[in-house]
Structure formats: C-alpha cells, structure tokens
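Visitor: mind looking at a prediction? Sequence and model below.
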Amino acid sequence: MSAGRTAAPASGQWVFHNGDFVPAADVRLGPSLQALQYGTGVFEGIRSYAAGPDTAHLYRARDHFTRMIASARILRIAIDRSADELVEITTELLRRNGHTGDAYVRPLAYKTALEPGVPFGVRLQGVSSSLTMVSLPMGSYVPKGGITCGVSSWRRIPDSSLPARAKITGAYANNALATDEATQAGYDDAIFLNQAGHVAEASTANLFLVRDGRVATPAQDSDILEGITRDSVISLLRRDEDIEVEQRTVLRSELCTADEIFLTGTGCEIVPVVALDGRPVGAGAPGPVTKTVMRAYEQSVRGREIRDHGWLTQVHEAPVHL
C-alpha cells in the first residue's frame, strides 16, 4: 500500500486493488476471470455516514470485514490482511475520494486465474485471489414510508447447498431471480421462504415482524445471512428499549397476521413493509416499533447515541499532498 496521499486520478476516483490505491480506469479484469466464470467471490457492503463538516463515520466496518474474511475462508480465497488493516484501508479510500458525506464501500475478494500447472476445471485450490475495493456517494434509497413485498416462488438456497452465512457472489443469482419476479408483479421486493416453507429473508435484507408487541426474526437455521444490521437492531432494541427479539422459525402465515413487518440491511437500512402479497400489513403504514427502530438506528449510525457500542470508525478529511 502506498504511503501518504497523491493527487486524485483524472477520473476523480480511486480504488484499492491488489495491495495499492490506483485510478479506477487502470483496473483491468479479463473475460477468463475465475470469479466471473463461476461466481467464486465474496463481498461486503459497508456504509459511512456524515458526522460533521468534512468528516464521516464508518458503521461497523470491522464486523463487516470479519464476516468477509470468514466468507473468504469458505471459498479458499486468500485475504492477507486483518479486519483492522482493512478498516484502515477503507478510511484512506474514503479520504482519497473525498467521501465525507454519506457513502458506500464495496470490498470484493475473488478468484482470478489458475496457477501454473493446475489443470482446467471448476476448483477452489490452485487458483489465485485478488481484492478490490471501491467507494461511492450513497444516501438512503428506499422509501421511508414503506415498501410492498411479495412472497417469492423461488426458494432461498439452503445452507446445505451454499453457505447462507457467506456473501458469495454467485449466490446472488438466486436473489436476482426473486427480485425480478417481484418487480414484474408490481412489488418493490421479494420475501424468500426456505426449503421447509418457512420465512427466511428478503432479497437482500433480513426480516422482522411484530405481533401483539412481540418482535421476532427468523433464526440462523432458517437459511439467512447473519446480517450485521440485523444484529444492530437486536442489540438496540434490547439495550435501549428493553425489548427482546425472538430468533426462531417464522411461519409464512405469521406474515399475514403481523401488526408490523420491517426489513434490515446495510443498503436499505430500516425499511417498513406496508403491504404483502397485495394485503396491508397492520394499518398499512409504519408501526410504532418500526418507527422506534428507525429512530434508534439513525441515531446509532450518525453517532448521536449516548451509549457507545463501539460500532463507529471516524473518517477524517486531510489535505491532499500534491
């Protein structure tokens, strides 16, 4: 990694690629890339939030990179940096790109090419690895007033076939099929059932439901991603609102009788589901628990909480050294 800062590239965009900061236009990935051919890559989505003039906070970046390293281990992808080192690289990337407002970081670790002497074929051993990281400005992009969802005819890939706890690039063809079906039917998003017919998650978000004041979310054995925003919500409700979240099997019929449903994810943040399969959820508007979660999460990501959960990494803007 190059020390210090240099002038911004002509494109105005830096990326971190194979151990150094380089202009995005200089990154070349060929058509024979193993990850492109076979979906053998892992990724994360990390947000940073404006925290004041010329500064921002990364939210739970270390937890994201810890999960990414674990995901990479499953696919035998070599990441030769610790989670803390990756957080440091991320803050430098944001500084170089001048992203002191709300921004999004996408790190991607992936298989590149067969090593010398390794025979052709789909494999994990004997294949080189790369790491690329990009950042871009991004605010909230999901309507805070709520979205509509439909239960997908596509089922969530079971953990016994492809590890649900890992963010594997190839697995997201499953998500794309479900989202495409939902949007074609006029919905905003899809809800997956698992192979047992129980509720798993949304296309790229975890799901919570509220009924009679009790909050529940599908448990890990429901073939869900171990969502970091999901964990934040469980912690915030417990610590700040004294509400325990049941992590259990959720039946499809419970969605029909829920007073509230909301989704959680780094990208979508906290989003109310106001209608499901053409039926209103509760009163057809964000409910009180959902609103409480939305407020608590906004306070957390902006660093406005009294309690320190240790989830924020400050990003300082510094002058560029020409």
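Guide: Noted; the coordinates are in hand.
Visitor: going forward, measure contacts between C-alpha atoms and count neighbours the same way
Guide: Will do.
Visitor: three-state assignment of residue 148?
Guide: When classified by DSSP: H, G, I helix; E, B strand; the rest coil, residue 148 comes out as strand.
Visitor: not counting its neighbours along the chain, what's nearest it?
Guide: Leaving aside its sequence neighbours, residue 148 sits nearest to residue 275 (C-alpha to C-alpha, 6 or more residues apart in numbering; 4.7 Å).
Visitor: quick check: phi and psi at that neighbour.
Guide: phi -150, psi 140 (degrees, to the nearest 10).
Visitor: again with residue 176
Guide: The phi/psi pair for residue 176 (degrees, to the nearest 10) is phi -70, psi -40.
Visitor: list the contacts of it.
Guide: residue 203 (C-alpha atoms under 8 Å, 6 or more residues apart in numbering).
Visitor: model confidence at it, what's the number?
Guide: For residue 176, the model assigns a pLDDT of 98.
Visitor: and the gap between it and residue 227?
Guide: With distances taken as C-alpha to C-alpha, to the nearest Å, residue 176 is found 18 Å from residue 227.
Visitor: contacts only, for residue 72.
Guide: Neighbours of residue 72 in contact, by C-alpha under 8 Å, 6+ apart: 41, 42, 78, 79, 109.
Visitor: quick one: the residue nearest to residue 148 and residue 286 touch, right?
Guide: No: if you go by C-alpha atoms under 8 Å, residue 275 and residue 286 don't touch, sitting 10.3 Å apart.
Visitor: low-scoring stretches of this structure, by residue?
Guide: Within the chain, the segments meeting pLDDT under 70 span 1-12, 306-308, 317-322.
Visitor: what do you get if the cut-off is 90, keeping everything else the same?
Guide: 1-12, 30, 51-55, 100, 121, 239-241, 303-310, 316-322 (pLDDT under 90).
Visitor: tell me where it has helices.
Guide: 34-38, 61-74, 83-96, 172-184, 228-241, 252-257, 288-301 (DSSP state H).
Visitor: what's stretch 140-150 in contact with?
Guide: By C-alpha under 8 Å, 6+ apart, stretch 140-150 touches 182, 187-191, 267-278, 285-286.
Visitor: switch the cut-off to 10 Å
Guide: 102-103, 178-179, 181-183, 185-192, 202, 261-263, 267-281, 284-286, 291, 294 (C-alpha atoms under 10 Å, 6 or more residues apart in numbering).
Visitor: roughly how far does residue 99 sit from residue 138?
Guide: 10 Å.
Visitor: what's the overlap in contacts for the two?
Guide: Counting by C-alpha under 10 Å, 6+ apart, the contacts common to residue 99 and residue 138 are 48, 49.
Visitor: looking at the two, which one has more neighbours?
Guide: Ranked by neighbour count (other C-alpha atoms under 10 Å), residue 99 and residue 138 place residue 99 first, with 25 against 16.
Visitor: grab the nearest non-local neighbour of the more buried one.
Guide: Per C-alpha to C-alpha, 6+ apart, closest to residue 99 is residue 137, 6.5 Å.
Visitor: nearest to residue 64 among the contacts of residue 72?
Guide: residue 42 (11.7 Å; C-alpha to C-alpha).
Visitor: got the contact list for the closest one?
Guide: Residue 42 sits next to 35, 67-75, 77, 107-111, 131, 166-171 when contact means C-alpha under 10 Å, 6+ apart.
Visitor: now which of the residues you listed would you call buried?
Guide: 35, 67-72, 75, 77, 107-111, 131, 166-171 (16 or more other C-alpha atoms under 10 Å).
Visitor: ok so, going back, tell me, what's touching residue 275 and residue 286 both at once?
Guide: Contacts common to residue 275 and residue 286, judged by C-alpha under 10 Å, 6+ apart, are 146, 147, 260, 261.
Visitor: now, of those, which are buried?
Guide: Buried, going by 16+ other C-alpha under 10 Å: 146, 147, 260, 261, out of those.
Visitor: among the residues you listed, which two are most distant?
Guide: Top of the distance list for those (C-alpha to C-alpha): 147 and 260, 12.2 Å.
Visitor: what do those two both touch?
Guide: Joint contacts of residue 147 and residue 260 (C-alpha under 10 Å, 6+ apart) are 272, 273, 274, 275, 284, 285, 286.
Visitor: which one of those residues is nearest residue 52?
Guide: Closest to residue 52, out of all of those and judged by C-alpha to C-alpha, is residue 272, at 27.8 Å.
Visitor: would you agree that closest one is in contact with residue 265?
Guide: No: with contact defined as C-alpha atoms under 10 Å, residue 272 does not reach residue 265; the gap is 11.9 Å.
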